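Enquirer: I'd like to go over a predicted model; first the sequence, then the structure.
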Amino acid sequence: MNRRRFLAASAYSMAAATLPLQTVQEAAARTRSVSGGGLVGHADVAAVRDMVKLFMDRDERHGGQHGRAAFVQYLITDVAQLCRGRFANEDVRAEAFSVASAAAHLCGWKAYDSGEQGLAQRYYLQSLALARASGVPGQDGFVMRTMSQQGMKLHRPEHCLALAESGWERARGCVGQQVEALFAITHAHALAKTGQTRHALADVQLAETALAARGGDEVPFWALVWGPPTATVHSRTAKVFETLGDRPNAAHRYATAAASRPGATYARIIALDLVAQAEQQAKQGSIEQACGTWGRAIDTMAGVKSTRTLKAVRSLRADLRPYRARGVRVAAELDEHARVFLDDHR
């Protein structure tokens, strides 16, 4: 983590994407061998978990660039010190490495949100090793799920299905129904990316069935990275339909996902879901409806520091160009709204 120049220059690697499919046991063993700190108890772990959760919440509300340097520093000081401690018992050790894994995962997500995909991948691999070292059921699979989603986003699907399958297998039967639904819908997306339409739709149904049967199962904090599982499943389901070319269903699910999250807490992801919804509406020829949705997305982005949201606004301006050329008034008005937003967020 201290080799910052090396990390910052890291490129996304397909070879690195195969590592979770082979083994990270050596890396996990190295994390166990680190020692030399003071005695660590449940209260010490809880304090670090609260801080990680605070940064998770702020990340969703204000974007990945907000507080990024501060959190990386927290990771290489307080979190690293926690992992070097002498643990009061085995449960405390497991909790400590689980929290450390969640912290590394969040650093990866912040790098991802800033467009640094190679650096994000390295953080995810470290998160995976820490999750394996913790022994907490399902957490290592959750990180593999994230790595699958990163590959799909980057249009590098070579190992995405295998990552989604392996991650789900690591968690199957060890987590509650809500978390199972998260694995099922990522697997559905990977199947859609590989052209397996029937199996993808079957997994969409599995995810929805798992959500309906969730009862009162508790969701571990490391699985709440993108908010309530129900909203995450809707958003990922929209991506399945988008991949399959079903634009009406994709637009509907993006809208449902945006409406399923508390607006004050999840501003960035709500804005991105609205952008995706608007894109689907525009591709169906509903440009006035799309402009209204895009406008809501831009308003939601106020105060968010995220490379992805800025990229989304630049992209929508490009999408509006042919409509502006034809003199469509709502397109011209929205383009001006987007221009002012970008000028204010330089």
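Expert: That came through, no problem.

Enquirer: residues in contact with Gln65?
Expert: Contacts for Gln65 were tallied using Cβ atoms under 8 Å, 6 or more residues apart in numbering; they are 110, 113-114, 305-307. Glycine gets a C-beta too; all of them are placed from N, C-alpha and C.

Enquirer: mind listing which of the residues you listed are in helices?
Expert: 110, 113, 307 (DSSP state H).

Enquirer: so which of those residues wins on neighbours?
Expert: Highest neighbour count within the ones in helices among the contacts of Gln65: Lys110, with 25 neighbours (other Cβ atoms under 10 Å).

Enquirer: what sits against that one?
Expert: Contacts of Lys110 (Cβ under 8 Å, 6+ apart): 59, 64-65, 68, 71-72.

Enquirer: cool, and Gln150?
Expert: Gln150 sits in contact with 12, 112, 117, 120-121, 124, where contact means Cβ under 8 Å, 6+ apart.

Enquirer: just the pLDDT for Arg172.
Expert: We have a pLDDT of 93 for Arg172.

Enquirer: residues near it, how many?
Expert: 14.

Enquirer: of the ones in helices among the contacts of Gln65, closest to Ala259?
Expert: Asp113 (22.3 Å; Cβ to Cβ).

Enquirer: what residues go with each domain of this protein?
Expert: 1-136, 255-346 (automatic domain parsing).

Enquirer: lowest average pLDDT across those?
Expert: Among those, domain 1-136 carries the lowest mean pLDDT (a mean of 81).

Enquirer: so how do I select the buried members of the contacts of Gln150 in ChimeraX?
Expert: To isolate the buried ones among the contacts of Gln150 in ChimeraX, judged by 16 or more other Cβ atoms under 10 Å, type:
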select :12,112,117,120,121,124
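
Enquirer: give me the subset of the contacts of Gln150 that lies in helices.
Expert: Using DSSP H, the contacts of Gln150 in helices are 112, 117, 120-121, 124.

Enquirer: what's the closest of those to Glu165?
Expert: Tyr124 (17.2 Å).

Enquirer: which element, helix or strand, includes the closest residue to that closest one other than its chain neighbours?
Expert: Residue nearest to Tyr124 in three dimensions, not counting chain neighbours: Gly108, with 4.5 Å by Cβ to Cβ, 6 or more residues apart in numbering. Assigned by DSSP states H and E, Gly108 belongs to helix 90-113.

Enquirer: buried set for that helix?
Expert: Buried-residue list, helix 90-113, by 16+ other Cβ under 10 Å: 92-113.

Enquirer: neighbours of the closest residue in space to Ala94 that isn't next to it in sequence, how many?
Expert: Excluding its sequence neighbours, the residue lying closest to Ala94 (Cβ to Cβ, 6+ apart) is Ser134, at 4.9 Å. Under the neighbour criterion other Cβ under 10 Å, Ser134 is assigned a count of 23.

Enquirer: how much space separates Leu316 from Ala255?
Expert: 17 Å (Cβ to Cβ, to the nearest Å).

Enquirer: more neighbours: which of these two?
Expert: Taking other Cβ under 10 Å, Leu316 and Ala255 do not tie; Leu316 has more neighbours (23 against 20).

Enquirer: quick one, what contacts that one?
Expert: Leu316 touches 275, 278-279, 294, 334, 338, counting by Cβ under 8 Å, 6+ apart.

Enquirer: before we move on, the earlier item: now tabulate the contacts of Gln150 in CSV and tack on distance to Lys239.
Expert: Below are the contacts of Gln150 laid out as CSV (distance: Cβ to Cβ, whole Å):
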residue, distance to Lys239
Tyr12, 19
Tyr112, 16
Gln117, 18
Ala120, 19
Gln121, 20
Tyr124, 19
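
Enquirer: Glu208: what's it in contact with?
Expert: 181, 233, 237.

Enquirer: I'd guessed Thr237 sits against Val204; true?
Expert: Yes - between Thr237 and Val204 a contact is recorded at 5.6 Å, counting by Cβ atoms under 8 Å.

Enquirer: list residues touching both of the two?
Expert: What both Thr237 and Val204 touch, as defined by Cβ under 8 Å, 6+ apart, is the set 185, 188.

Enquirer: buried set for the strand or helix carrying Arg145?
Expert: When elements are assigned from DSSP H and E, Arg145 belongs to helix 139-153. Residues 139-152 are the ones in helix 139-153 that count as buried (16+ other Cβ under 10 Å).

Enquirer: in this structure Gln178 contacts Gly215, no?
Expert: No - taking contacts as Cβ under 8 Å, Gln178 lies outside contact range of Gly215: 9.3 Å.

Enquirer: of the two, which one has the most company?
Expert: Gln178 (23 against 8).

Enquirer: contacts only, for the more buried one.
Expert: 210-211, 214, 217, 219, 223, 229-230.

Enquirer: which of those has the most neighbours?
Expert: Pro229 (25 neighbours).

Enquirer: does the closest residue to that residue other than its chain neighbours count as helix, strand or coil?
Expert: Using Cβ to Cβ, 6+ apart and skipping residues adjacent in sequence, the residue nearest Pro229 is Gln178, 4.1 Å away. Following DSSP: H, G, I helix; E, B strand; the rest coil, Gln178 is assigned to helix.

Enquirer: can you check the pLDDT for Gln178?
Expert: On the pLDDT scale, Gln178 gets 94.

Enquirer: can you give me the strands for this structure?
Expert: Ranges of strands in the chain, per DSSP state E, are 39-40, 86-87.
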